[in-house]
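Chemist: here you go, sequence then predicted model.
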Amino acid sequence: MTILSHPLFLEHDTGSGHPECADRLKAVLAALDAAGLPWVESAGPATDAELLRAHTPAHVAHVRGLIGASGQAGDETPIGPRSIEAALWAAGATVEAVDRAQAGDPEVWALVRPPGHHATRTRSMGFCVLNNVAVAALHGLHGLHGRERAAAGVAVLDWDVHHGNGTQDIFWDRADACLVSLHQDPLYPHSGAVEERGAHGNIVNIPLLCGTDDDGYLQALEDRALPALDRFGPALLLISAGFDALQHDPLAGMWMTAGGFGKMAARVRSWARARGVPVVFVLEGGYRVDALGDCVVACVRGGDPMVSNGLDG
């Protein structure tokens, strides 16, 4: 297992009091250090060729034109002077995670910000400048060409409490890319209905009621999400790992615990290893700064008895 991050991600400045703040990642990295879980710095930014697999030329040009600027990159997406640089490196770290996974590492984490799953092909929105997970997934798909499993595709399992509308938009017309999304409904961005299936039936939305707890998430994972992934049969799995379904998160109304996230990660890990599928976990949302690090540690150690009872809150 490899865990990637970078100090530049702390330089993304969303302004005073914003929930998507640098303290989120600081808390995660501190929790990893306290748990004795080392992380390494990612190598560099995403290239235009990598970005253009997921985004239009106009959007890539728009983002690059904001380098050094402050204001808004899109709806509800505040940026500071180093935010675009951080966004390019966040996409680059996620691409690097896929490269490591495809080179033989069975599990890689990309602990990045800004998050990405709301960014569509054409615009930034919902705290997301570039769609890190979609950029990396389509990079991974490109890497499958010419391999033994070239006919297989890539899949994203998105358990962030908000629907991954941007990933859905980017994957909609692709038979070789699957999105399975577990999300609270109704909630921002007010998409993700069961009827939204993609042009090739490659989108599986699993809306969950407000107040869903660990058991409800684990049942939805077991009964609906993993069977959908089995039907698709990906050669690479990426997880949009948001932790805003945690109880008392200020932007949602679910009732998961850190231990529940750990169990969910352990089950996905077991599913993937039984099928020889490498997994890349990508940090998305999660706005309880006091507990976000516990959630990530629980997932990294999912199923490990060293996870303490203190994580379950």
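Modeler: The structure has been received and is ready for your questions. These figures come from a predicted structure and were not determined experimentally. Numbering: from 1, shown residues only.

Chemist: where does Leu66 land in three-state SS?
Modeler: coil (DSSP: H, G, I helix; E, B strand; the rest coil).

Chemist: not counting sequence-adjacent ones, nearest residue to it?
Modeler: Ile84 (5.0 Å; Cβ to Cβ, 6 or more residues apart in numbering). Yep, even glycine has a C-beta here, placed from its N, CA and C like the rest.

Chemist: next: Gly44.
Modeler: Leaving aside its sequence neighbours, Gly44 sits nearest to Gly92 (Cβ to Cβ, 6+ apart; 5.3 Å).

Chemist: any weak-confidence spans in the stretch 101-250 of the chain?
Modeler: The stretch 101-250 of the chain contains residues with pLDDT under 70 at 145-151.

Chemist: ranges for the helices of it?
Modeler: Assigned by DSSP state H, counting those that start in this stretch, the stretch 101-250 of the chain shows helices spanning 132-144, 165-171, 214-220, 226-232.

Chemist: in stretch 49-69, what counts as buried?
Modeler: Neighbour-count burial for stretch 49-69 flags Glu50, Leu51, Arg53, Ala54, His55, His59, Val60, His62, Val63, Leu66 (criterion: 16 or more other Cβ atoms under 10 Å).

Chemist: just stretch 100-109 next, same as before
Modeler: With burial defined by 16+ other Cβ under 10 Å, the residues of stretch 100-109 counted as buried are Arg100, Ala101, Gln102, Glu107, Val108, Trp109.

Chemist: mind picking the two most distant members of those residues?
Modeler: Gln102 and Trp109 (15.3 Å; Cβ to Cβ).

Chemist: shouldn't Leu144 be in contact with Ala137?
Modeler: No - counting by Cβ atoms under 8 Å, Leu144 does not reach Ala137; the two are 10.7 Å apart.

Chemist: quick one, strands of the chain?
Modeler: 2-5, 40-41, 71-74, 77-79, 107-110, 154-158, 177-184, 203-208, 236-241, 279-283 (DSSP state E).

Chemist: what does the fourth one rub up against?
Modeler: Taking Cβ atoms under 8 Å, 6 or more residues apart in numbering as the criterion, the residues outside strand 77-79 that touch it are 12-15, 18, 66, 69-73, 114, 124-129.

Chemist: do that again at 7 Å, thanks
Modeler: 14-15, 18, 66, 69-73, 124-129 (Cβ atoms under 7 Å, 6 or more residues apart in numbering).

Chemist: the fifth one now?
Modeler: For strand 107-110, the surrounding residues in contact (Cβ under 7 Å, 6+ apart) are 1-4, 93-94, 97, 100-101, 269, 279-283.

Chemist: now the last one
Modeler: Contacts of strand 279-283 with the rest of the structure, by Cβ under 7 Å, 6+ apart, involve 94, 97-98, 101, 107-113, 115, 132-133, 136, 237-241, 268-269, 272, 299.

Chemist: higher neighbour count, Leu144 and Ala137?
Modeler: Shown here are Leu144 and Ala137; by other Cβ atoms under 10 Å, Ala137 has more neighbours (35 against 19).

Chemist: could you report the neighbour count for the nearest residue in space to the more buried one that is not next to it in sequence?
Modeler: Among residues not flanking Ala137 along the chain, Val154 sits closest, at 4.6 Å (Cβ to Cβ, 6+ apart). If you count neighbours by other Cβ under 10 Å, Val154 ends up with 29.

Chemist: I'd guessed Val154 sits against Gly140; true?
Modeler: Yes - here Val154 reaches Gly140: they are 5.2 Å apart, a contact under Cβ atoms under 7 Å.

Chemist: between these two, which contacts overlap?
Modeler: Any residue near both Val154 and Gly140 by Cβ under 7 Å, 6+ apart counts here, and that gives Leu236.

Chemist: filter the contacts of strand 77-79 down to the buried ones, ChimeraX style.
Modeler: To isolate the buried ones among these in ChimeraX, judged by 16+ other Cβ under 10 Å, type:
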select :14,66,73,124,125,126,127,128,129
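
Chemist: from the contacts of strand 77-79, pick the one nearest Asp33.
Modeler: Thr14 (23.9 Å).
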